[in-house]
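Chemist: Using only what follows, build the 3D model:
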Amino acid sequence: MEDLLTERLILHPFTLEEAQRVAEGVAGPQDTWGADYPSEGERIGARMFVKRQSATEELLQPWGGYEIRRRSDGVAIGGIGFHGAPDASGTAEIGYGLSESERGKGYASEAVRAMVAAVRGWGLKRLIADTDLDNLPSQRVLEAVGMAQTGQDDGLKFYAIEL
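Modeler: Reported below is the predicted structural model:
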């Protein structure tokens, strides 16, 4: 699968080997990582992808994980991806995160907006996400890309966009 490009970002679909390196937090000679990449959140996302991909011979992409890289220098600064393939209703869940040093620059909104545009072309009917109750920046990202809050529980707010 090819990279997804935005004005400032490259959303690079993980290979199993790339995801394993991120999950372990150990860059290979071909990796260009930001100083505080991968964060624990990116490592967890990469581990989820590795577990799912290792359990099947089929390629998970496009419904797998992606590394977020700056176009200007190719440096990895975060991750974005799906918690699994769409369910029978055509719904998929997305998650994302950025290195702390890269937050507040609009990169998360740009990456999520690119994924919303991509999944429209892939035939998805509904995209969902959740965020911690106290994570106001993430809530603003989801709202900025057109997702609406659909509920909440003791720890999370839930969002969705109908495509």
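Chemist: switch to C-alpha atoms for all contacts and neighbour counts from now on
Modeler: Will do.
Chemist: any idea how far Gly65 is from Gly155?
Modeler: 24 Å (C-alpha to C-alpha, to the nearest Å).
Chemist: who has more neighbours, the two?
Modeler: Gly65 (31 against 10; other C-alpha atoms under 10 Å).
Chemist: List of residues touching the helix or strand bottoming out on mean pLDDT in the chain?
Modeler: Of all helical and strand segments in the chain, the minimum by mean pLDDT, DSSP states H and E falls on helix 40-54, at a mean of 91. Here helix 40-54 makes contact (C-alpha atoms under 8 Å, 6 or more residues apart in numbering) with 16, 19-20, 22-25, 59-60, 64-65, 78-79, 81, 83, 96-98.
Chemist: Now restrict these to buried residues only.
Modeler: Burial by neighbour count, 16 or more other C-alpha atoms under 10 Å: within the contacts of helix 40-54 this picks out 16, 19-20, 22-23, 25, 60, 64-65, 78-79, 81, 83, 96-98.
Chemist: Which ones among these lie within strands?
Modeler: 65, 78-79, 81, 96-98 (DSSP state E).
Chemist: and Ile128, what are its bridge partners?
Modeler: Glu93, Ala160 (DSSP bridges).
Chemist: mind listing what it touches?
Modeler: Counted by C-alpha under 8 Å, 6+ apart, Ile128 has contacts 91-94, 158-161.
Chemist: which one of these sits closest to Gly104?
Modeler: Ile94 (19.8 Å; C-alpha to C-alpha).
Chemist: Leaving out sequence neighbours, find the closest residue to that closest one.
Modeler: Setting aside the residues directly before and after it, Ile94 is nearest to Phe82 in space (C-alpha to C-alpha, 6 or more residues apart in numbering), at 4.5 Å.
Chemist: does that neighbour really touch Leu60, like I thought?
Modeler: No - using C-alpha atoms under 8 Å, Phe82 is not in contact with Leu60, being 9.8 Å away.
Chemist: what's the residue nearest to Gln152 when sequence neighbours are not counted in contact with, if anything?
Modeler: The shortest distance from Gln152 to any non-neighbouring residue, by C-alpha to C-alpha, 6+ apart, is to Phe158 (5.7 Å). For Phe158, the contact set (C-alpha under 8 Å, 6+ apart) comprises 128-131, 149-152.
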